[in-house]
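Peer 1: Everything below, folded, please.
(chains A and B)
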Number of protein chains: 2
Amino acid sequence: MKYRVFVMLKSGVLDPQGEAIRHALGSLGFEGVNAVRQGKMIELDLAETDAAKAEEAARRMCEQLLANTVIESYRVEPA
Amino acid sequence: MKYRVFVMLKSGVLDPQGEAIRHALGSLGFEGVNAVRQGKMIELDLAETDAAKAEEAARRMCEQLLANTVIESYRVEPA
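Peer 2: All right, here's what the predicted structure looks like:
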C-alpha cells in the first residue's frame, strides 16, 4: 500500500521558510502573493496489504517520527 | 485563489532524505517499509481571482523558484 503524508506547521505557528519564499517571489516580480506556507510531503510504500492496518501504521509513523505534533499537523491519504 | 504545489525529486534521482527516514522508521521498529520519498508542499495564497491566470502564475513560480526542474517535478492543484 502506498500512502502520502502531508505535514504542515499548525496555523498559529510562524513559518519563516514560507515567508522567505513569499519575499523571494516578490523579488522575482510576482505580485499579489498574500501568503505562502511550506510543508513536507512524504510518500510511504508499505508492504502491509491490509488498508486499515497500513493506514494505522502510517499514522503511528507520523506520531513517532514524521511530524512534531506540538507544532505540526499531519494528514495521511492513500496514494 | 489558493493553490497547493507539490515538488518531488524525479523518479530516477536518489533521495537520501527519504532513505534516512526509511532507516529511522526501521530503527523505531516499523517493519515492511519498502520505500520512502520526501518532497515539499507549498501553499500559495494569491490575490489573483481569475483561476486560469492564478494557476498560470503558480506554474511560473514553480519554474522560476519553487522547483529545480533539472531534478524535481512539480504539480499544481487548487486548494
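
Peer 1: which residue ranges form the strands in chain A?
Peer 2: In chain A, the strands defined using DSSP state E lie at A:2-9, A:33-46, A:72-78.

Peer 1: What residues does chain A have near chain B?
Peer 2: For chain A, the residues in contact with chain B (C-beta under 8 Å from any C-beta of the partner chain) are A:6, A:8, A:18, A:21, A:24-25, A:28, A:30-48, A:57, A:60-61, A:64-66. For the C-beta atoms, the positions are set from N, CA and C on the backbone; glycine is no exception.

Peer 1: Would you write a ChimeraX line that selects the buried entries of those residues?
Peer 2: Buried subset of the residues of chain A next to chain B, written as a ChimeraX selection, criterion 16 or more other C-beta atoms under 10 Å in any protein chain shown:
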select /A:6,8,18,21,24,25,30,33,36,37,38,39,40,41,42,43,44,46,48,57,61,66
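
Peer 1: give the contact list for A:Met41.
Peer 2: By C-beta atoms under 8 Å, 6 or more residues apart in numbering or on different chains, A:Met41 lies in contact with A:Arg4, A:Val5, A:Phe6, A:Val7, B:Phe6, B:Met8, B:Gln38, B:Gly39, B:Lys40, B:Met41.

Peer 1: Repeat that for A:Ala24.
Peer 2: Applying C-beta under 8 Å, 6+ apart to A:Ala24 gives the contacts B:Leu65.

Peer 1: Check the contacts of A:Met41 and tell me the two furthest apart.
Peer 2: Farthest-apart pair in those is A:Val7 and B:Met8; separation 14.5 Å (C-beta to C-beta).

Peer 1: and which of the contacts of A:Met41 is nearest to A:Arg75?
Peer 2: A:Phe6 (4.6 Å).
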